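In: Give me coordinates for this.
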Amino acid sequence: MAALGTNALLGLPVGTTLDRHLLQRQNAFKGATGGLSQLLRDIALAGKIVNREVNRAGLIDITGAAGSGNIQGEQQQKLDVVANIRFIRALRNGGEVCAITSEEDDEMVQTGNTSGKYVVAIDPLDGSSNIDVNVSIGTIFSIYRRVSPVGTLPTTADFLQGGRQQIAAGYILYGSSTILVYTTGQGVNAFTYDNSLGEFILSQTQINTPDDGGIFSCNEGYFNDYPPHIKTYIETCKSRRLMGRYIGSLVADFHRNLIKGGIYLYPPTSAAPKGKLRLLYECFPIALIVEQAGGMATNGEEAILDIVPRELHQRSVFYAGSPRMIKSVMP
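Out: Take a look at the predicted model:
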């Protein structure tokens, strides 16, 4: 289970605001300039705005399809477009980011802040097909320190460094409560949004996922298209009376398994032999979080974070969760 109480590293108690948490972590590292802390604040601010839009979606006609598709060939929802605008605007105005790549945009977005030291890869609204039925959705983000010279225009190479080069990653879950989970490579912390205060409040510190679990999460509608060893694994899960839990929102499915112990599976299919999830926007950030929490993430052949990406919208097979379950699913 997630560890609750005091952060052993920094002495930060549950109930600490995100701003204070970021400040104290920043002060713990000599030479820190505060740029990354500000960037995380910018993401949190956009998350608050998207949370507001999600909560009133049924009242202001921003549910349903937007009438356009994204680079993936998927039907965009109105809230996809709204969330994309909100996060890009917050990151551009914050001044710390020189470029953004989003699941919703064909090309890299230049912010105009050529002095910015960071780039962000983001899925502004994961699971958007669930919007109209009031099921949990989320935002997933990944942060890199740029490799192009500061002061010049950023390039795609800034985003194609590989998952091990992430300096921070996280997600925001818009559910029964809104939760921001993030890591900077020193453990995983979760913050719950208090609407009355307008603040994210530290609610879970140094999260450790269980070594084994009782939940498997996959779309069994594609069962007949899965590779034989995945079919066998799923049948084994059923014979052991494990719980099948899947709602089609990566953030929600993963968060449940992270806390309770389980495995999330998105195997290859005949329609998507290389996988369907996006490496930069979904797989890399979730993989960093699960590894920092003591779990594993793989494409079935190698650790997700060891994959060297070739393009911005590259897809991948994806398995993430409790380490014993991940080892069991490997061919």
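In: got the residue ranges for the helices in the stretch 201-331 of the chain?
Out: In the stretch 201-331 of the chain, the segments counted as helices under DSSP state H, counting those that start in this stretch are 228-239, 250-260, 284-292, 323-329.
In: Of those, which is nearest Arg315?
Out: helix 284-292 (12.2 Å; CB to CB). To be clear about C-beta, it is placed using only N, CA and C from the backbone, and glycine gets the same treatment.
In: gap between the closest one and the chain center?
Out: Here helix 284-292 is found 8 Å from its chain centre; the criterion is CA atoms, centre = their mean, to the nearest Å.
In: buried ones in the longest helix seen in the chain?
Out: Looking across the chain with DSSP state H, the single longest helix is helix 35-55. Neighbour counts over helix 35-55 (16 or more other CB atoms under 10 Å) mark 35-51, 53-54 as buried.
In: Who are the packing partners of that helix?
Out: Of the remaining helices and strands, those touching helix 35-55 by 3 or more CB pairs under 8 Å, 6 or more residues apart in numbering; DSSP states H and E are helix 18-27, helix 78-94, strand 118-126, strand 137-145, strand 166-174, strand 178-183, strand 188-194.
In: Kindly recompute the last result at 6 Å.
Out: helix 18-27, helix 78-94, strand 166-174 (3 or more CB pairs under 6 Å, 6 or more residues apart in numbering; DSSP states H and E).
In: Look up how far Phe159 lies from Gly112.
Out: Using CB to CB, to the nearest Å, Gly112 is found at 17 Å from Phe159.
In: let me redo that: Thr192
Out: Distance from Thr192 to Phe159, by CB to CB: 30 Å.
In: More neighbours: which of those two?
Out: Set side by side, Thr192 and Phe159 show more neighbours around Phe159, with 23 against 16, by other CB atoms under 10 Å.
In: sorry, back to before: buried deepest among the helices of the stretch 201-331 of the chain, which one?
Out: helix 284-292 (a mean of 26; mean count of other CB atoms under 10 Å).
In: Return it as CSV; C-alpha atoms alone will do.
Out: Extracted in CSV, the C-alpha atoms of helix 284-292 (Å, rounded to 0.1, in the frame of the first residue of the first chain):
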residue,chain,number,x,y,z
PHE,A,284,7.7,7.0,-20.7
PRO,A,285,6.1,9.1,-17.9
ILE,A,286,4.1,6.1,-16.5
ALA,A,287,7.2,3.9,-16.7
LEU,A,288,9.3,6.4,-14.8
ILE,A,289,6.6,6.7,-12.1
VAL,A,290,6.2,2.9,-11.7
GLU,A,291,9.9,2.3,-11.5
GLN,A,292,10.3,5.0,-8.9
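In: Endpoint to endpoint, stretch 160-170 covers what distance?
Out: In stretch 160-170, first residue to last residue: 18 Å (CA to CA, to the nearest Å).
In: what does the domain assignment say about the protein?
Out: Domains of the chain are assigned by automatic domain parsing as 33-176, 215-329.
In: what's the least confident stretch among those?
Out: Note on the domains of the chain: lowest mean pLDDT is at domain 33-176, with a mean of 87.
In: Just the endpoints, please. Distance across it?
Out: In terms of CA to CA, the two terminal residues of domain 33-176 are separated by 35 Å.
In: Next: stretch 248-267.
Out: In stretch 248-267, first residue to last residue: 14 Å (CA to CA).
In: how far is it from where the chain is centred?
Out: Relative to its chain's centre, stretch 248-267 lies at 11 Å (CA atoms, centre = their mean).
In: From His21, how far off is Gly198?
Out: Gly198 is 16 Å from His21, by CB to CB.
In: Name the residue in these two with the higher neighbour count.
Out: The neighbour count for Gly198 versus His21, taken as other CB under 10 Å, is higher for His21 (22 against 8).
In: State the distance from the more buried one to Asn27.
Out: Using CB to CB, one gets 11 Å for the distance from His21 to Asn27.
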